[in-house]
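In: Sharing a model that was predicted from the sequence below.
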Amino acid sequence: MVTFLPTRPGRLADVPSFDRAIGGAESNVACGLAAAGHAVRWVSRVGTDGFGDHLVETIRGYGVEVASVGRDPVRPTGVYFRTAGDRAGADHEVAYYRAGSAASAMSTATVDRAALRAGRILHLSGITAALSPGCRELLWELTEPGPDRPLVSFDVNHRSRLWPTAEGPRVLLELARRADLVFVGEDEAEEAWGMTGGAVAIREALPEPQVLVVKGGGTGAAAFASGPGQRGGADSRGVFVPAPTVDVAAATGAGDAFAAGFLSATLRGLPLPDRLRHGHLWAAAALTVPGDLAAPPSRDHADRLAALDDRAWGTLRLGPGWTRTEATPEEVPTP
C-alpha cells in the first residue's frame, strides 16, 4: 500500500498534511532483503493508477524484481494513513482504505504461482489472509505440502480490525501450522489465540513449524527449532536473545525488519542465535527512522555487532543514524 505519514503528532482529525511513503508487510521484507544484496521477487497486485506506479517504481528501486506484480485495471491501489505515535499506544490511529483494492483481488487465478515457488524462501503474511476469501485460498494453496514447495516463512501479523468476521485467529493458526518458519509476537499470540505463559508455552501449543520465532517486543526474542528436515515433535529448548537498547523514532515496520534480518541470516546459514541478533539489528534500523522502511546495516557492520560477547551485546545502545557509519557514539556499548 501507499502509506501517508503525518507531518506532526496529533489526531488524524488534526494533522493538516502527510508525507507519502510505501508500506506493506511482504514488500517491506522484500525491500530489506534486496537492500542487503539478496535476490528478491515481489509478487502482488496494484491498480493501474499513480499510486500503483509509485509502489512498483519505488520497490524496484530497492533492487526487488517486480515483473510478477499484476496491474488491476478496475480496482485501486490500497492506501492507509496513520498517526505518529507508537502502534501500541492508546492514542494511535490507523485508517485503512484497502477494501476492494487490487491486492484484495489476489487469488489462485490472478497471481503468478510459479514465480512464488521459484525462490529458496517464500515469505507470507497473515495480513494478506485477511483481505479476502480469494487471498485466503491463495495462501492455503501456497502452504500446501509438496515436492516443489520452497521453505515457507509466515509472519502471523494479527490485525483484528482487518478481519470482517471472527474467523481470523483460526485461519492464522491453521496457516502457521502449515508453515516451516513462523514469526509471532507474544502479545498477538495471546490476543489471537489466548496463548499465555511466554515463549515456551507458545511453542508447546504450536509445535508444527520447523522454526518458531516468538518476539517479546523490547525484551528480546526466542527461537525454537526441530531437527533438520523434521516438522513437529519440537521440544522447549529454545534460544533467547535480548534486544539491544534502541532510541525509538517510530515502531511501525520493526516487525517486518526483524523478519528480513532473520531471513537474511537464514539464507546465509548462520546459527540460530546469530539469526536472532541480525533480526534485532535490522529491527533497530527500522525503529530509529520515522517511516516503515529503513536501510539495514551493512553485512560487515551487522556481523561485527552480532559477534559481540554477551556482556557487550547487553550494553549496546543504538540511536538514529547508527547504520550510516561503522561506529557511532550511539552504538558504543554503555558502561
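Out: Yes, it's here.

In: alpha carbons only for contacts and neighbour counts from here, please
Out: Fine.

In: helices or strands up against the one helix or strand in the chain whose mean pLDDT sits lowest?
Out: Among the helical and strand segments of the chain, the one scoring lowest on mean pLDDT, DSSP states H and E is strand 94-97, with a mean of 88. In this structure, strand 94-97 packs against strand 79-82, with contacts taken as 3 or more CA pairs under 8 Å, 6 or more residues apart in numbering; DSSP states H and E.

In: how distant is the strand it packs on from the center of its chain?
Out: With CA atoms, centre = their mean, to the nearest Å as the basis, the distance from the averaged C-alpha position of strand 79-82 to the chain average is 18 Å.

In: returning to what we had before: what residues does the least confident helix or strand of the chain touch?
Out: Applying CA atoms under 8 Å, 6 or more residues apart in numbering, the contact partners of strand 94-97 are 78-83.

In: Phi first, then psi, for Thr45.
Out: In this structure residue 45 is Arg, not Thr. Per-residue torsions, Arg45: phi -140, psi 140 (degrees, to the nearest 10).

In: need the contact list for it.
Out: By CA under 8 Å, 6+ apart, the contact list for Arg45 reads 69-72, 102-103, 105-106, 111.

In: Next, give me the two most distant ones among the residues you listed.
Out: By the measure CA to CA, Val69 and Ala105 form the most distant pair in the contacts of Arg45, at 12.6 Å.

In: Between the two, which has more neighbouring residues?
Out: The residue with more neighbours, out of Val69 and Ala105, is Ala105; 22 against 16, by other CA atoms under 10 Å.

In: Next secondary structure after the longest helix along the chain?
Out: Looking across the chain with DSSP state H, the single longest helix is helix 272-287. Under the assignment DSSP states H and E, the closest C-terminal helix or strand after helix 272-287 is helix 299-306.

In: hey, C-alpha coordinates of that following helix in CSV?
Out: C-alpha atoms of helix 299-306 as CSV (Å, rounded to 0.1, in the frame of the first residue of the first chain):
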residue,chain,number,x,y,z
ARG,A,299,26.6,-7.1,6.3
ASP,A,300,30.1,-6.5,7.8
HIS,A,301,28.6,-4.0,10.3
ALA,A,302,25.8,-6.3,11.3
ASP,A,303,28.2,-9.3,11.5
ARG,A,304,30.6,-7.4,13.8
LEU,A,305,27.8,-6.4,16.2
ALA,A,306,26.3,-9.9,16.1
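
In: Over the helix or strand following that helix, what's the mean pLDDT, rounded is fine.
Out: Scanning forward in sequence from helix 299-306 by DSSP H and E, the next helix or strand is helix 310-314. In this model, helix 310-314 has an average pLDDT of 96.

In: ok, and what's touching helix 310-314?
Out: In contact with helix 310-314 (CA under 8 Å, 6+ apart) are residues 242-244, 305-306, 333.

In: which SS class is the residue nearest in space to the middle of the chain?
Out: By CA atoms, centre = their mean, the chain has its centre lying nearest to Asp256, at 2.3 Å. When classified by DSSP: H, G, I helix; E, B strand; the rest coil, Asp256 comes out as helix.

In: And the pLDDT at it?
Out: The model reports Asp256 with a pLDDT of 95.

In: neighbours around Leu272, how many?
Out: Around Leu272 there are 21 residues (other CA under 10 Å).

In: was I right about it contacting Ala223?
Out: Yes. In this structure Leu272 lies within contact range of Ala223 using CA atoms under 8 Å: 7.2 Å.

In: Show me whatever sits in contact with both of the two.
Out: Both Leu272 and Ala223 are contacted by Val239, under the criterion CA under 8 Å, 6+ apart.

In: so where's the protein uncertain?
Out: Scanning the chain for pLDDT under 70 picks out 85-90, 227-236, 325-335.

In: quick one, helices of it?
Out: 25-35, 50-61, 113-116, 126-129, 133-142, 168-178, 186-193, 198-205, 254-267, 272-287, 299-306, 310-314.

In: And those: which comes nearest Leu162?
Out: Across these, Leu162 has its closest neighbour in helix 126-129 (7.7 Å, CA to CA).

In: Off-centre distance for that closest one?
Out: On CA atoms, centre = their mean, the centre of helix 126-129 falls 11 Å from that of its chain.

In: before we move on, what about stretch 170-185?
Out: Counting by CA atoms, centre = their mean, stretch 170-185 comes out at 14 Å from the chain centroid.

In: send the alpha carbons of that stretch over as CSV?
Out: Output of stretch 170-185 as CSV, limited to C-alpha atoms (Å, rounded to 0.1, in the frame of the first residue of the first chain):
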residue,chain,number,x,y,z
ARG,A,170,-8.5,-19.7,13.5
VAL,A,171,-7.3,-19.1,9.9
LEU,A,172,-4.0,-17.7,11.2
LEU,A,173,-3.4,-20.7,13.4
GLU,A,174,-4.0,-23.1,10.6
LEU,A,175,-1.7,-21.3,8.3
ALA,A,176,1.0,-21.1,11.0
ARG,A,177,0.8,-24.8,11.5
ARG,A,178,1.3,-25.4,7.8
ALA,A,179,4.4,-23.2,7.5
ASP,A,180,8.1,-24.1,8.0
LEU,A,181,9.2,-20.9,9.7
VAL,A,182,6.8,-18.8,11.8
PHE,A,183,7.1,-15.3,13.4
VAL,A,184,4.7,-14.4,16.1
GLY,A,185,4.7,-11.8,18.9
